[in-house]
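Trainee: sequence first, predicted model second:
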Amino acid sequence: MKVRFLVMFFLLLGTFVLLVVMKDYTPALTEMLKNIPEGFLEKFGVTEEFIKKLSEWNFYIITQWYGKNLGQFVPILAIIIAFPIFAREIENETIELLLVRLSRKKLFIVKFFAPLVFTFVALFVLALVPVPVSWFIGEKLDTGLVFRYLLVEMITIYLWFSITVFFSVISSDQVQPLIASIATLAGTTVLGGFVKTLSTLNTYSYVLKGDLTLWPSLIYTLTGVVFTYLSWKSFKTRDF
């Protein structure tokens with residue numbers, strides 16, 4: 001877990017550093033985009049007003065870090081950390097050795113919550129790193145909006161972490177939970193994106209917009225609790 005955790009953390013931290021560096025090239029990019037035929041970029045939701053606002057630090061960080069780069073990786077980060085937690089021990093047949101030393105309940109608590117806490121800490125650092133950077137370079141950042149995104153990202157992380165752990169508990173090797181989790185993420189995103197009545201399934205719409213409204217937040221949190229319970233019940237009754 002340490003390698004996956006560190007790779008993902010420093011990859012995302014590097015993405016933020018690159019984003020800050022690229023901010024200085026925003027005016028040049030704006031001039032280049034002026035040469036593109038009128039109406040072409042609007043088809044992709046990129047308006048002239050949007051391009052002008054990119055030169056503003058607050059708008060740039062909110063849309064490009066929280067609304068794009070970090071937000072896109074939040075479900076992926078949860079899946080990458082969670083998929084082998086139980087499946088690796090089952091595949092390597094080391095789960096029996098661990099159960100000799102620890103009770104099932106204690107082993108489940110340690111295996112589930114320790115990685116989850118580390119993932120929350122990593123997300124906390126990545127989501128709040130723009131705040132001290134903004135202070136350091138003398139730019140204004142809407143900290144209220146930043147903390148709203150942080151809460152939405154924590155709910156999303158917990159949701160996909162608990163779903164992936166459930167697949168990890170019921171699988172016999174490490175590949176199965178990884179494929180099942182990515183397929184579930186892709187399937188729910190597509191269904192929620194194209195079928196209006198199923199829009200709640202699209203967690204990307206929730207996390208990229210920082211949409212901290214009651215029902216989506218409650219539904220995702222409760223779904224995470226349900227999958228945590230299902231994971232425990234499956235682990236408790238599975239014959240190893």
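Mentor: Alright, I've got the coordinates.
Trainee: please count neighbours and contacts with C-alpha atoms only from this point.
Mentor: Noted.
Trainee: list the buried residues of the top helix by length along the chain.
Mentor: Secondary structure assigned by DSSP state H gives helix 143-170 as the longest helix of the chain. Within helix 143-170, the residues that qualify as buried are 146, 149-170, counting by 16 or more other CA atoms under 10 Å.
Trainee: check what pLDDT L212 gets.
Mentor: At L212 the predicted local distance difference test score is 87.
Trainee: again, but for K53
Mentor: Looking at K53, its pLDDT is 80.
Trainee: does it touch F59 like I think?
Mentor: Yes. Taking contacts as CA atoms under 8 Å, K53 lies within contact range of F59: 6.3 Å.
Trainee: do a quick rundown of the helices in this structure.
Mentor: Assigned by DSSP H, the chain shows helices spanning 2-23, 26-33, 48-53, 57-61, 70-82, 87-91, 95-101, 104-128, 130-137, 143-170, 175-194, 203-209, 214-237.
Trainee: by mean pLDDT, show me the worst of the ones you listed.
Mentor: Considering the helices of the chain one by one, the lowest average pLDDT is found for helix 26-33, at a mean of 66.
Trainee: how close does the spatially most central residue of the chain sit to R88?
Mentor: Centroid-nearest residue in the chain, with CA atoms, centre = their mean: V74, separated by 1.0 Å. Summarising the geometry, the distance separating V74 from R88, computed by CA to CA, to the nearest Å, is 23 Å.
Trainee: over to V226?
Mentor: 23 Å.
Trainee: okay, now the nearest residue to R88 once chain neighbours are set aside: neighbour count?
Mentor: In space, R88 comes closest to Q174 once its chain neighbours are excluded; the distance is 5.6 Å by CA to CA, 6 or more residues apart in numbering. Residues within reach of Q174, counting by other CA atoms under 10 Å, total 20.
Trainee: quick one: contacts for Q174?
Mentor: The contact partners of Q174, by CA atoms under 8 Å, 6 or more residues apart in numbering, come to F83, P84, A87, R88, E91, S168.
Trainee: ok, now E139?
Mentor: E139 makes contacts with W57, N58, as judged by CA under 8 Å, 6+ apart.
Trainee: try 10 Å
Mentor: By CA atoms under 10 Å, 6 or more residues apart in numbering, E139 lies in contact with E56, W57, N58, V131, P132, V133.
Trainee: ok, now I81?
Mentor: When contacts are counted by CA under 10 Å, 6+ apart, I81 touches 1-5, 8, 115-116, 118-119, 161, 164-165.
Trainee: now K23
Mentor: L29, L54, S55, E56, W57, Y60, I61.
Trainee: widest-spaced pair of these?
Mentor: Pairwise distances among the contacts of K23 were taken by CA to CA; the largest, 16.2 Å, belongs to L29 and I61.
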